[in-house]
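Q: got a sequence here, can you model it:
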Amino acid sequence: NLVILDRIDNPAVIAELKAINPKVTVTFYPYDVTVPLAETTKLLNTIFAQLKTVDVLINGAGILDDHQIERTIAVNFTGLVNTTTAILDFWDKRKGGPGGIICNIGSVTGFNAIYQVPVYSASKAAVVSFTQSIA
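A: Next comes the predicted model:
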């Protein structure tokens, strides 16, 4: 199973992914990573009810637009934290969950800031710190 959560519904890309390996079920759910934690949890309830388990979460949403400060932080950091926090409740082994793997997509700017994009750099540094903290 491959589940794609994204703001943009692109049936052509979904069909292309399905054609790569017809044995894989590819499902799309509309999702804006900036929604509140409760809304993310609600969507994950739907996904887990259908699939029973999810093995890997790839947090890959990101934008580079320092003119949109709040949106950059919301997409690049807050959304990643909320999505991670929401799935951890489903995976928690102390509660009988199966565990799972999280892959947070960062940027070299998370380690070495670029003066041209300070907000983007800071949001990616936050991703690095958060990821190290939960590791």
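Q: which residues touch the helix or strand harbouring residue 45?
A: Element membership for residue 45, per DSSP states H and E: helix 37-51. Residues outside helix 37-51 that contact it (C-beta atoms under 8 Å, 6 or more residues apart in numbering): 1, 3, 5, 27, 29, 31, 54, 82-83, 85-87, 89-90. Glycine gets a C-beta too; all of them are placed from N, C-alpha and C.
Q: and residue 102, what element?
A: Using DSSP H and E, residue 102 sits in strand 101-104.
Q: buried residues in the following helix or strand past that strand?
A: Using DSSP H and E, the helix or strand that follows strand 101-104 towards the C-terminus is helix 118-134. By neighbour count with 16 or more other C-beta atoms under 10 Å, helix 118-134 contains the buried residues 119-127, 130-131.
Q: return the alpha-carbon coordinates of helix 118-134 using CSV.
A: The C-alpha coordinates for helix 118-134 follow below in CSV (Å, rounded to 0.1, in the frame of the first residue of the first chain):
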residue,chain,number,x,y,z
PRO,A,118,16.5,33.0,7.0
VAL,A,119,13.0,31.9,7.7
TYR,A,120,13.3,28.8,5.5
SER,A,121,16.7,28.0,7.1
ALA,A,122,15.3,28.4,10.6
SER,A,123,12.3,26.2,9.8
LYS,A,124,14.6,23.5,8.6
ALA,A,125,16.9,23.9,11.6
ALA,A,126,13.8,23.3,13.7
VAL,A,127,13.1,20.1,11.7
VAL,A,128,16.6,18.9,12.5
SER,A,129,16.3,19.7,16.2
PHE,A,130,12.8,18.1,16.5
THR,A,131,13.9,15.0,14.6
GLN,A,132,17.0,14.6,16.8
SER,A,133,14.9,15.1,19.9
ILE,A,134,12.4,12.4,19.1
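Q: contacts for it next, please.
A: Contacts of helix 118-134 (C-beta under 8 Å, 6+ apart): 63-66, 69, 72-73, 76-77, 80-81, 84, 102, 104-107, 109-111, 113-114.
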